[in-house]
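[1] Here is the input, now give the coordinates:
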Amino acid sequence: MISLLFVCLGNICRSPTAEGVFRATCQQRGLSGQFRIDSAGTAGWHVGKPPDTRGVAAAGRRGVDLSMLRARQVEAGDFENFDFILAMDESNIEDLSALRPQGSSAHLHRFLEFNKSANSLDVPDPYYGGDDGFELVLDLITQASEGFLDHLIATGYIESN
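    Numbers count the residues shown, from 1 in each chain. This is a model prediction of the structure:
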């Protein structure tokens, strides 16, 4: 089983969206049983809180349920417990790199590395914007989820059904 941790700043917008969308994408492709999926934030401001209601609504319109998720903060142990840590932006990568224990074997990437049509490698933070920002985040994350699954299949990490 491959373990994935999606990370953003507060774990109430982008990373729970990525967790939910990736979970749904795996289910659609018949690959659910091959993954352990979680999300976290580099900051602890929202620990225990549900995802932003705008993100929950936008994801729900696409058939993705985020309502059961709760924010948590990244811990050093996550680098031992997860095979892939997928950050939403460069700032998250910097924070994760500073926290990463020496000798960690976790693969650290920006998630949009796997979205070949993205104009940037950073998923924009929709928190201070309007509903359209959450729709854009969903589009980017959906494409990255498909691309990441394709990458895992192409590199032999998982087998396609």
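[2] Just the helices from the chain, written as ranges.
    Shown for the chain, the helices assigned by DSSP state H span residues 14-28, 53-61, 78-81, 90-99, 131-154.
[3] Residue 121: which of those is closest?
    Ranking these by their distance to residue 121 (criterion: CB to CB) puts helix 90-99 first, at 7.3 Å. For every residue, glycine as well, the C-beta is placed using N, CA and C.
[4] Alpha carbons only: can I get that closest one in CSV?
    Listed in CSV are the C-alpha atoms of helix 90-99, where the atom choice follows Å, rounded to 0.1, in the frame of the first residue of the first chain:
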residue,chain,number,x,y,z
GLU,A,90,6.9,26.3,-3.0
SER,A,91,6.4,27.8,0.5
ASN,A,92,5.1,24.5,1.7
ILE,A,93,8.1,22.7,0.1
GLU,A,94,10.4,25.1,2.0
ASP,A,95,8.6,24.5,5.3
LEU,A,96,8.5,20.7,4.8
SER,A,97,12.2,20.7,3.8
ALA,A,98,13.1,22.4,7.1
LEU,A,99,11.0,19.9,9.1
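[5] Which other helices and strands does it contact?
    Packing partners of helix 90-99 (3 or more CB pairs under 8 Å, 6 or more residues apart in numbering; DSSP states H and E): strand 2-8, strand 84-87, strand 107-110.
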